[in-house]
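# This is the structure alone, sequence omitted:
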């Protein structure tokens, strides 16, 4: 079986890192097409041995000018399955795959929130494009029950939705005191300093400004933000205005999917070891991968919205605590943790629920079902149609 993965970008975001991990565990030949120029995760995927082709879409939304090239790429590769990731890749990739004659088309929905999808406001045009092209695929994978519910609310048929949560390789996030010492030395952070961490794209929806304001209320506390994005300059300006620029470090993109043998203080596992708590103050999340990685590192986690944790049975993740959305709520939670002193929790058993090998096996089962016709194994794929749903039809935007 040959599988082509099409993804909107290959920076160091959660969906990108998830793809890299999956590629290590999928027992089939895979290629990757990214609809942007090279990014941090692209280099890592190549280093792991999977070919990556870059096919930037240029201007416009969602980038239809790249469609002919994408169709040619799919045809020339002789792929059995096309698997798309993130909004732009799902819209273009599903369309191109069907035009290229591939019916086994799967899309993973990584970033559908209540008000945004992959950072885009959920306008009528965005929703129309998404739903029109969703019909061209064989299945849509939701990474959490929350995403599955949103897809159903949009009008995606329940039988087309498959829940396959994101996964991690928990082993290489395991806490080691030597890694903590090395990471703090590298960053110039005193051993006894209280260090707050945040991991994710620097976009408004992550609300890292809330974390910054909370840390400003705690004398001596430090903030490490791991990620890159358009809010970087605004966060730097806010730190300067609050007088805490010297206590805030914006570390940029870091590799979160390095192999255990390559773990190092500069990578995400090492940086998590340097932290005393991870905060996730997002306004909305489709999953919440960073919080799960923090639990694997034994860190306490303070979060507002995080389906990966919110959908667990009560008490399954004793190191995690849901808090209110305000800066005062986060400040109070951090103050309590700082007063208690550094603490590492045992890795909860529930982390095994999100084991990356288990997630890969579930995807392989879906690949097999979409490529095998038989009484029980063939998912019904509708004939290709690029007509957008009209107002009043199922799947059309309201208003």
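Structure's in. What do you need? As the structure is a computational prediction, the values presented were derived from the model and not from experiment. Residues are numbered from 1 along each chain as shown.
# quick one, strands of the stretch 51-200 of the chain?
Using DSSP state E, counting those that start in this stretch, the strands assigned to the stretch 51-200 of the chain run over residues 52-54, 81-85, 105-109, 116-117, 120-121, 139-142, 161-163, 195-199.
# Figure out which of the ones you listed is closest to residue 172.
strand 195-199 (14.9 Å; Cβ to Cβ). C-beta here means a position set from N, CA and C on the backbone, and glycine is covered the same way.
# Partner strands of the closest one, with direction?
Looking at strand 195-199 with DSSP bridges, its partner strands are strand 222-226 (parallel), strand 277-280 (parallel).
# For it, give the mean pLDDT please.
Averaged across strand 195-199, pLDDT comes to 97.
# now stretch 353-371
Regarding stretch 353-371, the rounded mean pLDDT is 92.
# got the buried residues for stretch 100-116?
Neighbour counts over stretch 100-116 (16 or more other Cβ atoms under 10 Å) mark 100, 102-113, 116 as buried.
# so how far is residue 164 from the nearest residue to residue 307 once chain neighbours are set aside?
Closest residue in space to residue 307, ignoring its immediate chain neighbours: residue 144 at 3.8 Å, by Cβ to Cβ, 6 or more residues apart in numbering. Computed as Cβ to Cβ, to the nearest Å, the residue 144 to residue 164 distance reads 10 Å.
# Could you do residue 214 as well?
34 Å.
# the more surrounded of these two?
residue 214 (25 against 21; other Cβ atoms under 10 Å).
# which ones are touching the more buried one?
Residues in contact with residue 214, defined by Cβ atoms under 8 Å, 6 or more residues apart in numbering, are 196, 279, 327, 330, 331, 334.
# name the element it belongs to?
helix 208-216 (DSSP states H and E).
# quick one: that helix to strand 222-226, angle?
On the basis of axes from the mean of the first three to the mean of the last three Cα atoms, to 10 degrees, helix 208-216 is oriented at 160 degrees to strand 222-226.
# What mean pLDDT does helix 208-216 get?
For helix 208-216, mean pLDDT is 96.
# still on that earlier bit, take the strands of the stretch 51-200 of the chain and write them to TSV, including distance to residue 240.
Shown next, in TSV, are these (distance: least, Cβ to Cβ, whole Å):
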stretch	distance to residue 240
strand 52-54	36
strand 81-85	36
strand 105-109	38
strand 116-117	28
strand 120-121	29
strand 139-142	40
strand 161-163	44
strand 195-199	18
